[in-house]
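Undergrad: generate coordinates for the sequence data below:
(3 chains)
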Amino acid sequence: MKSATEYLAFNVLTRRGFVNITSQVDKIVQKSGIKEGLCLVNAMHVTASVFINDNENGLHHDYEKWLERLAPHESIDQYEHNKTGEDNADAHLKRQVMGREVVVAITNGRLDF
Amino acid sequence: MKSATEYLAFNVLTRRGFVNITSQVDKIVQKSGIKEGLCLVNAMHVTASVFINDNENGLHHDYEKWLERLAPHESIDQYEHNKTGEDNADAHLKRQVMGREVVVAITNGRLDF
Amino acid sequence: MKSATEYLAFNVLTRRGFVNITSQVDKIVQKSGIKEGLCLVNAMHVTASVFINDNENGLHHDYEKWLERLAPHESIDQYEHNKTGEDNADAHLKRQVMGREVVVAITNGRLDF
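TA: This is a model prediction of the structure:
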């Protein structure tokens, strides 16, 4: 069975940020030469998410606002996890809503959306 | 490695609807002749979800009501995404809760629940 | 293609509980001899979840509280599903937030986090 693994690193300047990695992942799939199979794309950090949706700024704004309503960052001390000295308990919650990973079919050597 | 891909299309008469596709997917798995492996079932539209849960009408009603509470359809203009002329920002949010895809083990040629 | 399947059973003493199964899954991967591939870990019950996050008691407490806020257990009769004689409609909702499954890369014979 053919397989390929690559590790990608991203930096965002704000506490949260959206990065569109579709074309990078698609290039890796093409480079791998895999024609039919499954492509797993997962976050390696427990407060990060990989998800598939529209790459539209308005929608990203809506996600931000919505996630903040579902799992507010403040007050910091409402979360037990933050008693460990961290302040990111809300990010662990938000990540469950947005998901850790996506699995995408590879068909004819390309991501199949 | 053996693989099989099929595309299924569904129409629902209401804004949202639940369609049980388990037996269709199971038939495709059986037809493929794959005995051990992974079956990816994913939505091809970013406001649709594939998930595994009870096929029970009361529960579907509860999901509807709950999703509407977490991410209300109205007011339309509360969402930036809807300024693009669409009115489905809430559906993009609801889809993150319900998920895009499931991956199911194939064991002895059948979906393994 | 090499594959391996194992079924694990867990009992928790409370209505909800967190069980860290990472080392068990990692041992199964090592025993399988699979060097590169995908490891699917999924719940076999529709009110259970498998997810990846910090194994930290404070965070687990935060998840409990948060899930109860998003999908309260009571009142029991607010849910149509509970009219079937069950009282676990909220657990079906909570499971959608936390997810059914994770897919983890196997790299050099180990779970790749």
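Undergrad: can you report how many residues lie near the nearest residue to A:D54 once chain neighbours are set aside?
TA: Closest residue in space to A:D54, ignoring its immediate chain neighbours: B:V46 at 5.6 Å, by Cβ to Cβ, 6 or more residues apart in numbering or on different chains. Every C-beta, even on glycine, is put in place using the N, C-alpha and C of the backbone. By the criterion of other Cβ atoms under 10 Å in any protein chain shown, B:V46 has 19 neighbours.
Undergrad: does B:V46 really touch B:H92, like I thought?
TA: Yes: between B:V46 and B:H92 a contact is recorded at 6.3 Å, counting by Cβ atoms under 8 Å.
Undergrad: find residues that contact each of those two.
TA: Taking Cβ atoms under 8 Å, 6 or more residues apart in numbering or on different chains as the contact criterion, the common neighbours of B:V46 and B:H92 are A:N53, A:D54.
Undergrad: residues near A:V102, how many?
TA: A:V102: 20 surrounding residues under other Cβ under 10 Å.
Undergrad: and it, what element?
TA: Following DSSP states H and E, one finds A:V102 within strand A:101-107.
Undergrad: one step back: residues contacting the residue nearest to A:D54?
TA: B:V46 neighbours (Cβ under 8 Å, 6+ apart): A:I52, A:N53, A:D54, B:H92, B:R95, B:R100.
Undergrad: off-centre distance for stretch A:78-92?
TA: Distance of stretch A:78-92 from its chain centroid, counting by Cα atoms, centre = their mean, to the nearest Å, is 20 Å.
Undergrad: typo on my end, stretch A:53-67
TA: Using Cα atoms, centre = their mean, the offset of stretch A:53-67 from its chain centre is 13 Å.
Undergrad: so for it, what's the average pLDDT?
TA: Stretch A:53-67 carries an average pLDDT of 98.
Undergrad: again with stretch A:10-18
TA: Mean predicted confidence for stretch A:10-18 is 93.
Undergrad: wondering if that stretch reaches chain B at all.
TA: No: judged by Cβ under 8 Å from any Cβ of the partner chain, stretch A:10-18 and chain B are separated, with a smallest distance of 13.0 Å.
Undergrad: any chance of the contacts of B:V46 in a markdown table, plus secondary structure and neighbour count?
TA: Formatted as a markdown table, the contacts of B:V46 follow (DSSP: H, G, I helix; E, B strand; the rest coil; neighbours: other Cβ atoms under 10 Å in any protein chain shown):
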| residue | secondary structure | neighbour count |
| --- | --- | --- |
| A:I52 | coil | 19 |
| A:N53 | coil | 17 |
| A:D54 | coil | 15 |
| B:H92 | helix | 21 |
| B:R95 | helix | 22 |
| B:R100 | coil | 23 |
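Undergrad: pull the most distant pair out of these.
TA: Put simply, by Cβ to Cβ the two of the contacts of B:V46 set farthest apart are A:D54 and B:R100, 12.6 Å from each other.
Undergrad: ok, back up a step: what's the distance between the residue nearest to A:D54 and A:N42?
TA: 19 Å (Cβ to Cβ, to the nearest Å).
Undergrad: likewise for A:T14?
TA: Distance, A:T14 to A:N42, using Cβ to Cβ: 22 Å.
Undergrad: between the two, which has more neighbouring residues?
TA: A:N42 (19 against 7).
Undergrad: residues contacting that one?
TA: Shown in contact with A:N42 (Cβ under 8 Å, 6+ apart): A:V50, A:R100, A:E101, A:V102, C:V103, C:V104, C:A105.
Undergrad: please apply the same query to A:N88.
TA: The contact partners of A:N88, by Cβ under 8 Å, 6+ apart, come to A:T47, A:H81, A:N82.
Undergrad: nearest to chain C, of those residues?
TA: Comparing these against chain C with Cβ to the nearest Cβ places A:H81 closest, at 4.1 Å.
Undergrad: which SS state does that closest one fall under?
TA: Following DSSP: H, G, I helix; E, B strand; the rest coil, the label given to A:H81 is helix.
Undergrad: surely A:A89 meets C:H60?
TA: No: with contact defined as Cβ under 8 Å, A:A89 does not reach C:H60; the gap is 11.1 Å.
Undergrad: have a look at these two and say which one is more surrounded.
TA: A:A89 (28 against 18).
Undergrad: start to end distance for stretch A:16-24?
TA: By Cα to Cα, to the nearest Å, the extent of stretch A:16-24 from end to end equals 20 Å.
Undergrad: then stretch A:36-56 to PDB, C-alphas only?
TA: Only the C-alpha atoms of stretch A:36-56 are listed here, as PDB (Å, rounded to 0.1, in the frame of the first residue of the first chain):
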ATOM      1  CA  GLU A  36      -7.400   6.100  -4.900                       C
ATOM      2  CA  GLY A  37      -7.400   6.300  -1.200                       C
ATOM      3  CA  LEU A  38      -8.000   8.400   1.900                       C
ATOM      4  CA  CYS A  39      -6.300  11.600   2.900                       C
ATOM      5  CA  LEU A  40      -6.300  12.400   6.600                       C
ATOM      6  CA  VAL A  41      -5.600  16.000   7.600                       C
ATOM      7  CA  ASN A  42      -5.500  16.500  11.300                       C
ATOM      8  CA  ALA A  43      -4.400  19.200  13.700                       C
ATOM      9  CA  MET A  44      -1.400  18.200  15.900                       C
ATOM     10  CA  HIS A  45      -2.400  20.600  18.700                       C
ATOM     11  CA  VAL A  46      -5.400  20.100  20.900                       C
ATOM     12  CA  THR A  47      -6.700  23.600  20.600                       C
ATOM     13  CA  ALA A  48      -6.500  23.600  16.700                       C
ATOM     14  CA  SER A  49      -9.000  22.400  14.200                       C
ATOM     15  CA  VAL A  50      -9.100  21.200  10.600                       C
ATOM     16  CA  PHE A  51     -12.400  21.600   8.900                       C
ATOM     17  CA  ILE A  52     -13.900  21.900   5.500                       C
ATOM     18  CA  ASN A  53     -16.200  24.800   4.700                       C
ATOM     19  CA  ASP A  54     -16.500  28.000   2.600                       C
ATOM     20  CA  ASN A  55     -13.400  30.100   2.500                       C
ATOM     21  CA  GLU A  56     -15.400  33.300   2.900                       C
END
